[in-house]
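Engineer: Need coordinates for the below:
(2 chains)
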There are 2 protein chains.
Amino acid sequence: MTITLYDCATAPSPRRARILLAEKAIAHETVQIDLRGGEQLGDAYRAINPLCTVPALRTEEGVVLTDNAAIIAWAEAVRPDPPLLGTTPLEKAEVASWHWRAEFEGLLAVAEALRNSSPAMAGRALPGPMGYEQIPALAERGLLRLRQFMAVLDGCLSNRAFVAGDRFSIADITAAVAVDFARIVKFRPDASEHAHLMRWREALSQRPSMTV
Amino acid sequence: MTITLYDCATAPSPRRARILLAEKAIAHETVQIDLRGGEQLGDAYRAINPLCTVPALRTEEGVVLTDNAAIIAWAEAVRPDPPLLGTTPLEKAEVASWHWRAEFEGLLAVAEALRNSSPAMAGRALPGPMGYEQIPALAERGLLRLRQFMAVLDGCLSNRAFVAGDRFSIADITAAVAVDFARIVKFRPDASEHAHLMRWREALSQRPSMTV
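Structural biologist: Just a heads-up that it's a prediction; the model follows:
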């Protein structure tokens, strides 16, 4: 069975999976899910992924992986080269830590800022099958947290080529997606405050995976 | 150098690391950090872990791992047996997915409910060096999300012995810590709604690691 990625070309979460699959050179078909039209909440997609989120990935065995956490763990196991989760115990720890921070201090902060303020997302403050009302104060806090994370990320990159050290890893993928996604809440890196971050992001642009 | 865990006996996050180290039989010393007294924000601990959080773990090489994500990845690499992150690609995916959900739908929901409502946590709505004000609506949403997660977890456990399948994993550790921590916001599993969850939690109590 062909590997299938359930994707949405305009959304940040499935972009993480697209970059991962490109870096791993894992061949797959893509099915676009129309998030703006609410296709993720319809019966057809719900039967594929009850979480009503993208990305989801159907493996060669026909098993559907329903989130990035699963897709990342699976991809590293089925295609160990190039390693994206580190190789030595200390590298693995450094990658895991920065990946976690990029997700929950970076991506989640942007999502909080966007989903709790955009009129188009009223009643959809969290992804998934349950509707949650917007919390304006959480949108504001998301912007504060995002600024804080970008300062931390810039500091991290002041003395290394990649987020978790001298090798490209999943932490770079998630951090880059967070930085790019942040434009939607009007955050852009600034040369006076984020010079290291901007140098890193510019260097990443040379990787073919970053354009998928 | 002896491995050192920076811990706080009453807090849920370091409990995750304690259970992990017990399951892996990784010998270590423990240093208690007085979270109620604010020791995590003092200069001495900040020099050890700039994130001002517990757990942190100092490895034999003297490297400090500053969060559970790092500690888990490191422990699985230095002590692969017993495996707690799965062995086959599909097992690894299942463990990663449920571990992620237990953390962000379970533990984070309890933390939102507690930290945004407890008078003792005013100005400390998020852990870490930055002070954030409480958001009462986020406390309420945390309780809703927590209820939803417990229903999902009960459904997951309706046809399996452990959260990620037929083998104990990191997903059980994080889910059990979330279930136990939820008492602090007055959530307790109910025999009519959470029979599978209660059977699983009761069975876990037989493991020596659950009492550390």
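
Engineer: The closest residue to residue A:90 other than its chain neighbours and residue B:20, how far apart?
Structural biologist: In this structure, residue A:90 finds its nearest non-sequential neighbour in residue B:63, 5.8 Å apart by CB to CB, 6 or more residues apart in numbering or on different chains. (Glycine included, C-beta is placed from N, CA and C.) For residue B:63, the distance to residue B:20 equals 17 Å [CB to CB, to the nearest Å].

Engineer: Show me what the lengthiest helix in chain A is packed up against.
Structural biologist: Of all segments of type helix in chain A, defined using DSSP state H, the longest is helix A:136-156. In terms of contacts (3 or more CB pairs under 8 Å, 6 or more residues apart in numbering or on different chains; DSSP states H and E), helix A:136-156 is packed against helix A:89-101, helix A:108-115, helix A:170-181, helix A:195-204, helix B:136-156.

Engineer: how much does it deviate in direction from helix B:108-115?
Structural biologist: Counting by axes from the mean of the first three to the mean of the last three CA atoms, to 10 degrees, helix A:136-156 lies at 110 degrees to helix B:108-115.

Engineer: before we move on, back to that, quick check: which of the helices and strands packed on helix A:136-156 is buried the most?
Structural biologist: A comparison of the helices and strands packed on helix A:136-156 by mean neighbour count, using mean count of other CB atoms under 10 Å in any protein chain shown, puts helix A:170-181 on top with a mean of 25.

Engineer: measure the nearest residue to residue A:94 once chain neighbours are set aside to residue A:68 for me?
Structural biologist: Nearest residue to residue A:94 in three dimensions, chain neighbours excluded: residue A:164, at 4.6 Å (CB to CB, 6+ apart). For residue A:164, the distance to residue A:68 equals 17 Å [CB to CB].

Engineer: Number of residues surrounding residue A:191?
Structural biologist: 7 (other CB atoms under 10 Å in any protein chain shown).

Engineer: Verify the contact between it and residue A:197 for me.
Structural biologist: No - under the criterion of CB atoms under 8 Å, residue A:191 is not in contact with residue A:197, lying 10.1 Å apart.

Engineer: number of nearby residues for the residue nearest to residue A:94?
Structural biologist: The burial count for residue A:164: 26, using other CB under 10 Å.

Engineer: For it, grab phi and psi.
Structural biologist: Backbone dihedrals for residue A:164, given as degrees, to the nearest 10, come out at phi -100, psi 10.

Engineer: try residue A:186
Structural biologist: Per degrees, to the nearest 10, the backbone of residue A:186 is at phi 70, psi 20.

Engineer: Could you say which helix or strand holds residue A:5?
Structural biologist: Taking DSSP states H and E as the definition, residue A:5 sits inside strand A:4-7.

Engineer: Let me fix that, I meant to ask about residue A:134.
Structural biologist: With DSSP H and E as the test, residue A:134 turns up in no helix or strand.

Engineer: OK, contacts around it?
Structural biologist: A:115-117, A:121-123, A:125 (CB atoms under 8 Å, 6 or more residues apart in numbering or on different chains).

Engineer: Mind pulling the model confidence for it?
Structural biologist: For residue A:134, the pLDDT comes out at 97.

Engineer: With residue A:204 instead?
Structural biologist: 98.

Engineer: I'd like the distance between it and residue A:168.
Structural biologist: 8 Å.

Engineer: list residues touching both of those two?
Structural biologist: Joint contacts of residue A:204 and residue A:168 (CB under 8 Å, 6+ apart) do not exist.

Engineer: For residue A:196, give its distance to chain B.
Structural biologist: With distances taken as CB to the nearest CB, to the nearest Å, residue A:196 is found 17 Å from chain B.
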